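K.L.:
Got a sequence here, can you build the structure:
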Amino acid sequence: MTTHILKEQLAETIRHYNSKGWSPATSTNYSFKDENGQIWVSRSGIDKSKFHADDFITVDLEGKAMGDYSAAKPSAETLIHCVIYELFSETKVILHSHSVYPVVLSSKVKNAVVFEGYEVQKGFDGETTHDNTVTIPVFDNTQDMEAFSLTLKEESNSIQQHSFIMRKHGTYAWGKNLFEAKRHLESLEYLCQCELYNHKS
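P.N.:
Predicted coordinates:
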């Protein structure tokens, strides 16, 4: 898939997720790796309901804007994307959501959200039955991206389902392509909603 097509498709996904209420104000950030391994991220401060393919900028491995976009401002959380690409080498697309359900659920658990018996668990790559237990780690939120990146590296073995939750912040999910990344994020969103309803019952 060409860079132009992926920009267009991911921009459409971003607008769609905004319409679902997953990116209030100008929040959330998204990225992809092109066919040459270059990282592209969403520019900071953009109204996601109007996000356009031209709103992606290139960054280096430390999350700093580069090339023709060196004067642009990437999200403060761009370093998280860079670390995910480093830790999980097959990753090509990363999606970030501020949906209500995982944010609220993350405030009710300690170190992880655990799902068991849900059919949609099979939305995660490698899961073939609802009988398994799926565990999604929850990491404490911080404004210190260097510290959070270190946490990801130290806890990378606990990240088994191509996703994690930042407590009271949101979710990150990724995949080998846009379709897989969407499947992982949407599966997690659905499961968090189900589990939150269970907490209420």
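K.L.:
where does the chain have low pLDDT?
P.N.:
199-201 (pLDDT under 70).
K.L.:
make it 50
P.N.:
For the chain, no stretch has pLDDT under 50.
K.L.:
can you map out the strands along it?
P.N.:
31-33, 39-42, 56-59, 93-97, 112-116, 133-139, 163-166, 170-175 (DSSP state E).
K.L.:
which residue packs closest to Asn29, ignoring adjacent ones?
P.N.:
Among residues not flanking Asn29 along the chain, Ser75 sits closest, at 3.9 Å (CB to CB, 6 or more residues apart in numbering). Where you see a C-beta, it was placed from the backbone N, CA and C, and this is true even at glycine.
K.L.:
what separates the one you found from Lys176, distance-wise?
P.N.:
23 Å (CB to CB, to the nearest Å).
K.L.:
ok, back up a step: isn't the residue nearest to Asn29 up against Lys48?
P.N.:
No - using CB atoms under 8 Å, Ser75 makes no contact with Lys48, being 11.8 Å away.
K.L.:
Skipping its backbone neighbours, what lies nearest Leu191 in space?
P.N.:
In this structure, Leu191 finds its nearest non-sequential neighbour in Phe115, 4.9 Å apart by CB to CB, 6+ apart.
K.L.:
returning to that earlier point: could you pull up the contacting residues of the residue nearest to Asn29?
P.N.:
Residues in contact with Ser75 (CB atoms under 8 Å, 6 or more residues apart in numbering) are 29, 41-44.
K.L.:
Now it: phi and psi?
P.N.:
Main-chain torsions, Ser75, degrees, to the nearest 10: phi -60, psi 150.
K.L.:
Could you report the distance from it to Asp47?
P.N.:
14 Å.
K.L.:
Ser31 now?
P.N.:
Ser31 is 18 Å from Asp47, by CB to CB.
K.L.:
ok, now Gly37?
P.N.:
Here Gly37 is placed at a distance of 30 Å from Asp47 (CB to CB).
K.L.:
Give me the neighbour count for Thr58.
P.N.:
Number of residues near Thr58 (other CB atoms under 10 Å) recorded here: 18.
K.L.:
Touching, it and Gly67? I think so.
P.N.:
Yes - using CB under 8 Å, Thr58 makes contact with Gly67 at a distance of 4.9 Å.
K.L.:
which residues are in contact with stretch 118-132?
P.N.:
Counting by CB under 8 Å, 6+ apart, residues outside stretch 118-132 touching it are 115-117, 134, 161-163, 175, 180, 183-184, 186-187, 190-191, 194.
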